[in-house]
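Visitor: quick one: sequence plus predicted model below, questions after.
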Amino acid sequence: MGRSEREAVADGSRLHAAVRGLLDDHERAVQTVRDALAPLLDESVARVLDTMPVARLQEATDGRVRVGLVERDGLRTVRQVLDAGPARLNQIHGVGPQTATQLLAAAGRLAERVRQTAAVPLDVDAPEPRTTALVTALHVLVEAGPDARHAVDTATGIARR
């Protein structure tokens, strides 16, 4: 192998290292945002589900599941049904495994819909460590700029080759 070939291999190795670095940095930045967002989002979803009446489960199943037995047993919100789980639901007189499964599936679907539309409140006048961590994590991606996505896509293509 001649000098030009060795230089080409060295250039390729440097390019590959730069590409891996870019991809690793981007994945780390995105994961940091996800990690900071998850507990805030969970809390926001829980607040909504805590106020969502168990009757919404009947609506979510087009009336196929009756929730009266669950309500009479003291479960009043969708969150309480989710927290109860299958074992607790099966203990309710008149609720069998199939009904428990349907209730939990409907509650899960509602929770996912809430999660997709949930807002995470950020109070600039009363910052807290968790929201500050989210804003800090997002700032890294904002600083990367609008071309970051293109750079990541290009780097991904180069890494594959």
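Guide: Cool, got the structure.
Visitor: quick one: contacts for the closest residue to Leu49 other than its chain neighbours?
Guide: Excluding the flanking residues, the one nearest Leu49 by Cβ to Cβ, 6 or more residues apart in numbering is Arg79, at 3.7 Å. The C-beta positions use only the backbone N, C-alpha and C, and glycine is treated the same way. Applying Cβ atoms under 8 Å, 6 or more residues apart in numbering, we find Arg79 in contact with Ala46, Leu49, Asp50, Met52.
Visitor: nearest to Asp123, of those?
Guide: Closest approach between the contacts of Arg79 and Asp123, by Cβ to Cβ: Ala46, at 18.4 Å.
Visitor: circling back to that earlier point, and the contacts of Arg79, which two are furthest apart?
Guide: The most distant members of the contacts of Arg79, if one measures by Cβ to Cβ, are Ala46 and Met52, lying 10.5 Å apart.
Visitor: comparing the two, which residue is more hemmed in?
Guide: Using other Cβ atoms under 10 Å, the more surrounded residue of Ala46 and Met52 is Met52, with 20 against 15.
Visitor: that one and Val78 touch, don't they?
Guide: Yes - counting by Cβ atoms under 8 Å, Val78 is a contact partner of Met52 at 4.3 Å.
Visitor: overlap in contacts, these two.
Guide: Common neighbours of Met52 and Val78 (Cβ under 8 Å, 6+ apart) are Leu110.
Visitor: the residue nearest to Leu49 and Met52, how far apart?
Guide: In this structure, Arg79 and Met52 are 7 Å apart, going by Cβ to Cβ, to the nearest Å.
Visitor: residues near the closest residue in space to Val30 that isn't next to it in sequence, how many?
Guide: Excluding the flanking residues, the one nearest Val30 by Cβ to Cβ, 6+ apart is Leu141, at 7.2 Å. Residues lying near Leu141 (other Cβ under 10 Å) number 15.
Visitor: name the element Leu141 belongs to?
Guide: helix 129-144 (DSSP states H and E).
Visitor: wait, isn't the residue nearest to Val30 in contact with Arg28?
Guide: No - the criterion here is Cβ under 8 Å, and Leu141 misses it with Arg28 at 10.9 Å.
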